[in-house]
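Peer 1: Here's my sequence, what's the structure:
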Amino acid sequence: QVQFVESGGGLVQPGGSLRLSCAASGFTLAYYAIGWFRQAPGKERERVSCINSSPRTTFYADSVKGRFTISRDNAKNTVYLQMNSLKPEDTAVYYCAARLILCSLGGSYDYWGQGTQVTVSS
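Peer 2: Next up is the predicted model:
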């Protein structure tokens, strides 16, 4: 059974940090590009970052460049999103998603997690 589980969300003050994890089971993560998406209330879902299967090329939305870092540990079947210098506008539900090999901004993703809430507020 394919499962994709996010964790690490929570409430953090502006300027703080969180690390999100996305653990996969039921499929081999190494063959997949993994994207992190977010959706805030009343807004469209946006892709904030993505990492290819191989080579591990990474992509970031302009709004998070220099603050967020995506990484993967294929041995643990897990992808991470390190989020630093968080801002209130980063508040959203964050999802990870997988598609074969290469990231795509507009293409479909095969597997999605259930999401984890990130709230940045003082």
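Peer 1: Would you map the strands across the protein?
Peer 2: Per DSSP state E, the chain carries strands over the ranges 3-7, 10-12, 18-25, 32-39, 46-51, 58-60, 68-73, 78-83, 92-100, 111-112, 116-120.
Peer 1: Now do the fifth one, average pLDDT.
Peer 2: Looking at strand 46-51 alone, the average pLDDT works out to 96.
Peer 1: One more: the longest one?
Peer 2: Over the span of strand 92-100, the pLDDT mean works out to 95.
Peer 1: Would you mind listing the buried residues in it?
Peer 2: 92-99 (16 or more other C-beta atoms under 10 Å). Where C-beta positions appear, they are placed from N, C-alpha and C, glycine not excepted.
Peer 1: now those in TSV, with distance to Gly42?
Peer 2: Output for the buried residues of strand 92-100, formatted as TSV (distance: C-beta to C-beta, whole Å):
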residue	distance to Gly42
Ala92	11
Val93	12
Tyr94	16
Tyr95	17
Cys96	22
Ala97	21
Ala98	27
Arg99	27
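Peer 1: check contacts around Gln117.
Peer 2: Contact analysis of Gln117 by C-beta atoms under 8 Å, 6 or more residues apart in numbering lists 9-10, 92-94.
Peer 1: now Gln114
Peer 2: Gln114 neighbours (C-beta under 8 Å, 6+ apart): 4-6, 95.
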